[in-house]
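Student: build me a structure from this.
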Amino acid sequence: MTIEFSRVPVDSALVLRSKEMDLEAGWLGRCFGAASNAPMNIAGVVVLLLVLSGLLVLFVRSAVPAGEYWKIIAPLITLVLGYMFGKSTKEH
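Tutor: Residues are numbered from 1 along each chain as shown. Modelled structure (predicted):
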């Protein structure tokens, strides 16, 4: 059994556009996406990290009691969720 690959030449304009987009985005763009959706992706990561840290404090012994920690992060989570939902309804 032999495997054959297509020998279609790659369009150089497409390659150049891809390189240009990589240079514009930078390393943060690779992580969070284009400038249009990066704020939402960053907000999502922040909410995810806050919730995971809250769950970690619930199950692992720490210097801060779990109830006190949730009193600190709950307003932050709702703030970020308010930003996310407010931004998504504002665009439509």
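Student: show me where pLDDT drops low in this protein?
Tutor: Along the chain, the model assigns pLDDT under 70 to residues 1-11, 21-28, 34-35, 88, 90-92.
Student: which of the helices or strands spans V47?
Tutor: helix 38-59 (DSSP states H and E).
Student: distance-wise, check the residue nearest in space to the middle of the chain relative to G86.
Tutor: Central residue of the chain (Cα atoms, centre = their mean): N41, 3.4 Å from the mean position. For N41, the distance to G86 equals 16 Å [Cβ to Cβ, to the nearest Å]. Every C-beta, even on glycine, is put in place using the N, C-alpha and C of the backbone.
Student: and for V57?
Tutor: 28 Å.
Student: more crowded one of the two?
Tutor: V57 (19 against 10; other Cβ atoms under 10 Å).
Student: that one reaches G67, doesn't it?
Tutor: No. In this structure V57 lies outside contact range of G67 using Cβ atoms under 8 Å: 9.5 Å.
Student: so S62: helix, strand or coil?
Tutor: Using DSSP: H, G, I helix; E, B strand; the rest coil, the three-state assignment for S62 comes out as coil.
Student: which residue is the nearest non-sequential neighbour of K87?
Tutor: Leaving aside its sequence neighbours, K87 sits nearest to M40 (Cβ to Cβ, 6 or more residues apart in numbering; 6.7 Å).
Student: surely that neighbour touches L81?
Tutor: No. In terms of Cβ under 8 Å, M40 does not count as a neighbour of L81; the distance is 11.4 Å.
Student: ok, then the element right after the helix holding V47?
Tutor: helix 66-91.
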